[in-house]
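A.B. asks: Below is the sequence, then the predicted model.
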Amino acid sequence: MTVEPWHFPLQDHLGMLVSTPGPGRGRAELDITPTLHNPNGVVHGAVLFAMLDTAMGAATMSTLDEGQACASIEVHLRFLRPTSSGRIVAETSVLKAGRRVVQLDGRVHDDAGDLVATASGSFAVIPIPPTP
């Protein structure tokens, strides 16, 4: 498993560890704390979305050539069960890597192995112009 060298402030804020277990695969994991709860005392849906979106971005980046980046086009998330403590893990994989669009799916499990959420998404492949 490779832990990516890129880093961003929301990742730190959530306490999220992001990695690419292999080509076309992304993973995000975090320990649930009360600061990640919604008013009902369970993990806020935005936390699950951030995990899946980030893991999908990592999976996409693992398939791209140098000089390319990616951005979310759309992510569809299905919440299946609430969770309020322990560790949650989002695992994503590339279904189809096109030249301009990458299709992915993902799942979030709690530390008991129960499925918490599923997602599907599309990411744009963006060429990065060379810097002079």
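C.D. replies: That came through fine.
A.B. asks: from here on, contacts and neighbour counts on C-alpha atoms
C.D. replies: Fine.
A.B. asks: Relative to L104, how far out is L77?
C.D. replies: For L77, the distance to L104 equals 12 Å [C-alpha to C-alpha, to the nearest Å].
A.B. asks: can you pull out the helices in the protein?
C.D. replies: 9-14, 45-61 (DSSP state H).
A.B. asks: ok, L77 and L104, which is more surrounded?
C.D. replies: L104 (23 against 19; other C-alpha atoms under 10 Å).
A.B. asks: looking at it, P129 is touching A69, isn't it?
C.D. replies: No - P129 is beyond contact range of A69, at 10.4 Å (criterion: C-alpha atoms under 8 Å).
A.B. asks: Of the helices of the chain, which is nearest G26?
C.D. replies: helix 45-61 (4.2 Å; C-alpha to C-alpha).
A.B. asks: Can you point out the buried residues in the closest one?
C.D. replies: Neighbour-count burial for helix 45-61 flags 45, 47-61 (criterion: 16 or more other C-alpha atoms under 10 Å).
A.B. asks: quick one: pLDDT of P130?
C.D. replies: The score at P130 is 82. That number is its pLDDT.
A.B. asks: List the contacts of it.
C.D. replies: Counting by C-alpha atoms under 8 Å, 6 or more residues apart in numbering, P130 makes contact with G67.
A.B. asks: Relative to G67, how far out is it?
C.D. replies: P130 sits 7 Å away from G67, going by C-alpha to C-alpha.
A.B. asks: ditto for H44
C.D. replies: Distance, H44 to G67, by C-alpha to C-alpha: 35 Å.
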